[in-house]
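1. Any chance you can model this:
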Amino acid sequence: MDREKKISKGSKQRRCTVKVIIIGCGRLGSNIAGEMDQRGNEVIIIDKDALAFEHLGKSFHGSKIVGIGFDRDILTQAGIDMADALVAVTSSDEANVVAARIAKFVFRVPKVVARVYDPRKAEIYRRLGIPTISPVAMAGERISEMLSFSHLKTVMTIGSGEVIITEVEMTASFEGKKMAQLEIPNVAHPISLTRNGKTMIATPNQQLEMGDVVHLAVVVGMTDRVKEMLK
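-> The predicted structure follows:
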């Protein structure tokens, strides 16, 4: 299925790259909705309290649905069967995980993220295949990057979320190039290389091969520069 769609709002047409459903329109949910909306994506946000949508501001182009985020009828109304991603960020760990499990295992949504406050529960849910995020170490921009569809994959955060570790598989265009060419001063730094199942520390003079997997430390908010470099 072609995931690039055009939607019309008023007299404007905008190209959408991702259809994302966001459950919970608090500070974090509205932040994610705004980030994804500004990037030209189709955003549907769900909250049980209609007043919560005031967090979105007047510039929001997406759709708003009042209801319980893990209710299948509400999710169907939101178009979950055609969704590319779902992020559940209500104040309830249980509600977030239930919604995420329904999205992932019932509707087969490709990208699903749930916010979980309890770190012990978060580890259990991750083992069950539900990607989770910490409310302390996660910003809306970081989650938007997790939901983006690209060959640059975010695998973890460092510290309070200022730096992320990303994983990228080298394409044929990088065959024969040096690891140092993946360095962007003060933005991105290669830290490891995995080749044929063996992982080693990244060094500047390592020669890259197609299929190599490289982990990069990247400053949050700078992934667009890394993606541009990898083109």
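2. now the end-to-end length of stretch 18-35.
-> End-to-end span of stretch 18-35 (Cα to Cα, to the nearest Å): 12 Å.
3. Let me see the domain layout of this protein.
-> Annotated domains of the chain cover 5-149, 163-230 [automatic domain parsing].
4. Let me have these in CSV, extended by mean pLDDT and mean neighbour count.
-> Yep, even glycine has a C-beta here, placed from its N, CA and C like the rest. Converted to CSV, the domains of the chain look like this (pLDDT from 0 to 100; neighbours: other Cβ atoms under 10 Å):
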stretch, mean pLDDT, mean neighbour count
domain 5-149, 82, 18
domain 163-230, 90, 15
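5. Quick check: next helix or strand after the lengthiest helix in the chain?
-> Longest helix in the chain, counting residues (DSSP state H): helix 27-38. Sequence-wise, the next helix or strand downstream of helix 27-38 (DSSP states H and E) is strand 42-47.
6. Need the residue in this protein that's farthest from the chain's center.
-> Most distant from the centre of the chain: Asn205, at 31.8 Å, with distances by Cα atoms, centre = their mean.
7. residue boundaries of the strands in the protein?
-> For the chain, the strands defined by DSSP state E cover 5-9, 12-16, 19-23, 42-47, 63-66, 85-88, 111-115, 132-133, 152-158, 163-169, 188-195, 198-201, 213-219.
8. that older thread, state the distance from the residue farthest from the centre of the chain to Asn186.
-> Separation of Asn205 from Asn186 (Cβ to Cβ, to the nearest Å) stands at 21 Å.
9. Between the two ends of stretch 158-171, how far is it?
-> 27 Å.
10. what do you get for stretch 81-96?
-> 18 Å.
11. Check stretch 89-108 too.
-> Using Cα to Cα, the two ends of stretch 89-108 sit 19 Å apart.
12. Can you list the neighbours in contact with that stretch?
-> 21-24, 26, 28-29, 32, 47, 68-70, 72, 75, 80-81, 83, 86, 88, 109, 112-118, 121, 125, 128-130, 143 (Cβ atoms under 8 Å, 6 or more residues apart in numbering).
13. With stretch 184-200 instead?
-> Contacts with stretch 184-200, where a contact means Cβ under 8 Å, 6+ apart, come from 165, 179, 182-183, 201-202, 206, 209, 211-219, 222, 225-226, 229.
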